[in-house]
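# give the three-dimensional model of this entry:
(one chain, ligands or ions: 3)
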Amino acid sequence: MAHRALRRGLARPSRQPAQVREALHRRADHNLIRGDDGALECFVAIHEDITARLASEEKVAYIALHDSLTDLGNRYALDDRLDIELNRARRLGSCVAALWIDLDNFKDVNDTFGHSVGDALLIAVGKRLSSALRDVDLICRLGGDEFAVVAPDIDGRKAAANLAERLLATFQKPFTVEAQEIFSSASIGVTITSVNPISRADFMKQADLALYRTKSEGRNGYRFFETEMDVEIRRRMRLAQDLHRAVERGELFLEYQPQVALGDRRIVGVEALVRWQHPQLGVIPPTEFIPVAESSGLIEQVGAWVLRVACTQARAWQDRGLPPFPIAVNISAIQLRDPRFADSIAELLAELGLAPEYLDLELTERVLMDGSPLTDKTLQTLNGMGVGISLDDFGKGYASLDYLRRYPLSKVKIDQSFVHDMETNFKNATIVSAVIDLASKLGLRVIAEGVEPQALLERLVAEGCEQVQGFYFSKPRSADGLERLFTTGNDRIRAHPPD
Ligand code: C2E
Ligand code: CA
Ligand code: CA
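Ligands and ions are numbered 1, 2, ... in the order given. Here you go, the predicted model:
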């Protein structure tokens with residue numbers, strides 16, 4: 001049998017030495033038949049050929065420990081082998097490393113090219129990863145696009161890091177599957193045994209936590225498990241669990257931050273920012289729980305809730321006689337992957353009777369980066385409806401000027417990090433002024449975010465920036481707080497009494 005994975009150090013099903021197998025093969029029960037005088041007359045031999053049974057036993061053992069798609073070890077093989085290696089390391093004082101590997105873009109491959117290409121990619125990845133291993137290492141597929149490597153007798157942290165780098169290097173060249181060239185990358189979480197004994201379950205959790213960290217830090221790399229990850233990630237896990245009920249229990253709420261025109265110091269728009277009033281942990285900021293919502297599949301529910309509440313509020317302000325202004329809502333990349341996204345916005349606006357020009361969707365470059373035809377289509381549809389589209393955090397990520405041309409944007413929000421130190425950082429000041437210039441040539445509005453001190457404001461006015469959102473004018477406030485600010489103003493914002 002071609003047991004490649006067996007050779008890759010997989011625990012072998014128990015095998016008898018050749019002589020024993022031979023004997024078994026020819027096993028015979030000898031019954032002697034003797035005459036009355038005790039003399040041997042004949043004997044009966046029953047001969048059973050058990051080749052087939054042995055083969056099927058071996059096959060069952062093989063299937064039980066292998067992943068049927070890639071022929072690598074499976075989860076049981078991993079458990080088995082980890083038990084053995086952790087024990088051995090404890091006895092001999094040696095080190096074992098575990099590496100959890102997750103492909104970064106597998107879902108996209110499946111969505112774009114279909115499942116058969118996805119499967120072929122997994123097989124190819126399994127082969128490449130195997131080629132970077134030593135004979136004693138075990139590689140398993142844990143399911144989906146997750147792989148795991150057990151590396152026994154590893155010579156400390158440095159050697160484990162080298163191994164992680166070798167594994168990552170196997171992704172440098174594209175994979176050719178079914179005539180498609182596919183570039184893929186992976187995130188790896190690494191853990192290594194210390195002098196303290198550790199259970200298999202805890203060891204596996206460590207590798208998983210390290211992987212989680214790699215993914216949340218931007219993927220395509222590796223991280224070692226560190227003790228503090230435990231605390232942090234336990235919190236994230238708890239948040240993910242509690243977030244399930246947060247919407248239905250009414251624990252989410254919105255705050256609103258004004259966007260102010262520098263010309264006449266009036267509020268020209270409002271950004272809705274979500275918060276979570278956790279019953280035990282207090283108010284959780286969106287920077288903490290939005291990523292949790294994104295990775296636990298809850299962002300669609302949270303995002304839909306935010307859109308509905310923000311648009312309902314915009315409508316309510318109009319009903320109360322405030323001059324209409326657009327409400328900006330942050331949209332996560334995952335929301336935009338829903339082919340029904342534009343339709344659901346249209347339905348919501350129709351239901352609430354809110355004109356589309358009073359909704360402004362804030363997208364980051366990360367959302368636009370995938371360049372998928374769906375994103376294009378959705379944005380064109382929304383733009384056609386009259387919904388505004390702003391490019392948020394411009395400059396923070398890829399600062400691709402191409403997005404400014406390519407998508408039907410109405411506004412660019414210059415990221416806080418450029419604005420903050422504009423006074424002292426010449427490069428950033430140049431970038432801000434270039435973006436303002438470029439945007440005005442492309443007919444886009446520009447808003448600077450994160451403006452706190454007066455001096456910064458003056459600088460932005462001098463650069464020709466039209467709008468500002470920042471603590472200088474107001475922190476995010478409750479709906480009532482925002483309405484008061486709008487109607488009565490403060491020493492920096494002009495009052496705008498209801499008609
Ligand atoms: P963002 O979209 O860039 O939102 C602006 C953030 O900057 C807000 O933080 C706001 O309070 C803060 N900010 C505004 N002016 C100033 C200033 O002058 N100084 C300083 N230091 N900060 C200022 P917040 O509310 O914590 O939101 C953080 C991020 O969370 C948002 O960044 C946005 O990316 C995300 N977020 C918020 N609400 C939602 C939502 O409903 N859906 C999604 N997907 N993301 C959201
Ligand atoms: Ca925003
Ligand atoms: Ca922003």
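
# quick one: list the elements packing against the lengthiest strand in the chain.
Taking DSSP state E as the criterion, the chain has its longest strand at strand 267-278. Using 3 or more C-beta pairs under 8 Å, 6 or more residues apart in numbering; DSSP states H and E, the elements in contact with strand 267-278 are helix 227-246, strand 252-261, strand 282-284, helix 286-295, helix 299-319, strand 327-330, strand 467-469, helix 479-488. Where you see a C-beta, it was placed from the backbone N, CA and C, and this is true even at glycine.

# any part of it near ligand 1?
Yes. Strand 267-278 comes into contact with ligand 1 (C-beta under 6 Å from any ligand atom), by way of 273-274.

# pick the most deeply packed of the helices and strands packed on strand 267-278.
For these, the largest average neighbour count (mean count of other C-beta atoms under 10 Å) is found in strand 327-330, namely a mean of 25.

# touching it from outside, list them.
Strand 327-330 is contacted from outside by 256, 259, 269-274, 286, 306-307, 310-311, 313-314, 358-362, 388, 390, 392, using C-beta atoms under 8 Å, 6 or more residues apart in numbering.

# how about the strands of the stretch 51-200 of the chain, start to end?
In the stretch 51-200 of the chain, the segments counted as strands under DSSP state E, counting those that start in this stretch are 97-103, 138-143, 146-151, 175-177, 180-182, 186-192.

# what is the third one packed up against?
Where contact means 3+ C-beta pairs under 8 Å, 6+ apart, strand 146-151 is packed against helix 75-92, strand 97-103, helix 115-131, strand 138-143, helix 156-169.

# for ligand 3, what are the nearby residues on this structure?
Applying C-beta under 5 Å from the ion, we find that the chain lies next to ligand 3 at 392-393, 449.

# show me what contacts the nearest residue to residue 278 once chain neighbours are set aside?
Spatially, and ignoring its direct neighbours in sequence, residue 278 is nearest to residue 284 (5.3 Å; C-beta to C-beta, 6 or more residues apart in numbering). By C-beta under 8 Å, 6+ apart, the contact set of residue 284 is 239, 275-276, 278.

# could you rerun that using 10 Å?
If you count contacts by C-beta atoms under 10 Å, 6 or more residues apart in numbering, residue 284 has them with 235, 239, 242-243, 246, 251-252, 274-278, 290, 292.

# by mean pLDDT, show me the worst of the strands of the stretch 51-200 of the chain.
Comparing mean pLDDT across the strands of the stretch 51-200 of the chain, the lowest value falls on strand 180-182: a mean of 89.

# buried ones in that strand?
residue 182 (16 or more other C-beta atoms under 10 Å).

# okay, now the sheet partners of it, with direction.
strand 175-177 (antiparallel) (DSSP bridges).

# need the contact partners of the partner strand.
With contact meaning C-beta under 10 Å, 6+ apart, strand 175-177 is reached by 109, 113, 116-125, 127-128, 181-184.

# how close does the most centrally placed residue in the chain sit to ligand 3?
In the chain, the residue lying closest to the centroid (C-alpha atoms, centre = their mean) is residue 295, at 5.3 Å. Remark: distance between residue 295 and ligand 3 (C-beta to the ion, to the nearest Å) = 21 Å.

# residue 66 too?
For residue 66 relative to ligand 3 (C-beta to the ion), the value is 48 Å.

# for that residue, give me the pLDDT.
91.

# that one contacts residue 78, doesn't it?
No. The pair residue 66 and residue 78 fails to qualify as a contact (C-beta atoms under 10 Å) at a distance of 11.3 Å.

# neighbours around residue 114, how many?
12 (other C-beta atoms under 10 Å).

# oh, I was asking about residue 452
Residues near residue 452, counting by other C-beta under 10 Å: 14.

# give the contact list for it.
416, 419-420, 470-473.

# one more pass at 8 Å, please.
Residues in contact with residue 452, defined by C-beta under 8 Å, 6+ apart, are 420, 470-472.

# return the member of these nearest to ligand 2.
For the contacts of residue 452, the closest approach to ligand 2 (C-beta to the ion) belongs to residue 470, at 12.4 Å.

# looks to me like residue 263 is in a strand.
No. Checked against DSSP: H, G, I helix; E, B strand; the rest coil, residue 263 lies outside a strand; its state is coil.

# now residue 69: how far from residue 83?
The gap separating residue 69 from residue 83 is 25 Å, by C-beta to C-beta, to the nearest Å.

# with distance to residue 207 as added columns, please give the strands of the stretch 51-200 of the chain in CSV.
Output for the strands of the stretch 51-200 of the chain, formatted as CSV (distance: least, C-beta to C-beta, whole Å):
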stretch, distance to residue 207
strand 97-103, 4
strand 138-143, 11
strand 146-151, 7
strand 175-177, 24
strand 180-182, 26
strand 186-192, 5
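
# closest to residue 321 out of the ones you listed?
Set against residue 321 and scored by C-beta to C-beta, the strands of the stretch 51-200 of the chain come closest in strand 186-192, at 52.3 Å.

# just the residues contacting the helix or strand following that closest one, thanks.
Proceeding N to C from strand 186-192, the next assigned helix or strand is helix 200-216, under DSSP states H and E. If you take C-beta under 8 Å, 6+ apart as the criterion, helix 200-216 is touched by 79, 82-83, 86, 96, 98-102, 104, 148, 187-191, 193, 198, 221-226, 229-230, 233, 236, 291, 295.

# mind giving me the packing neighbours of the next helix or strand after helix 200-216?
Following helix 200-216 in sequence order, the next helix or strand is strand 221-224 (DSSP H and E). If contacts are counted by 3+ C-beta pairs under 8 Å, 6+ apart, strand 221-224 sits against helix 156-169, strand 186-192, helix 200-216.

# of all residues in the stretch 1-150 of the chain, which one is closest to ligand 1?
residue 107 (18.8 Å; C-beta to the nearest ligand atom).
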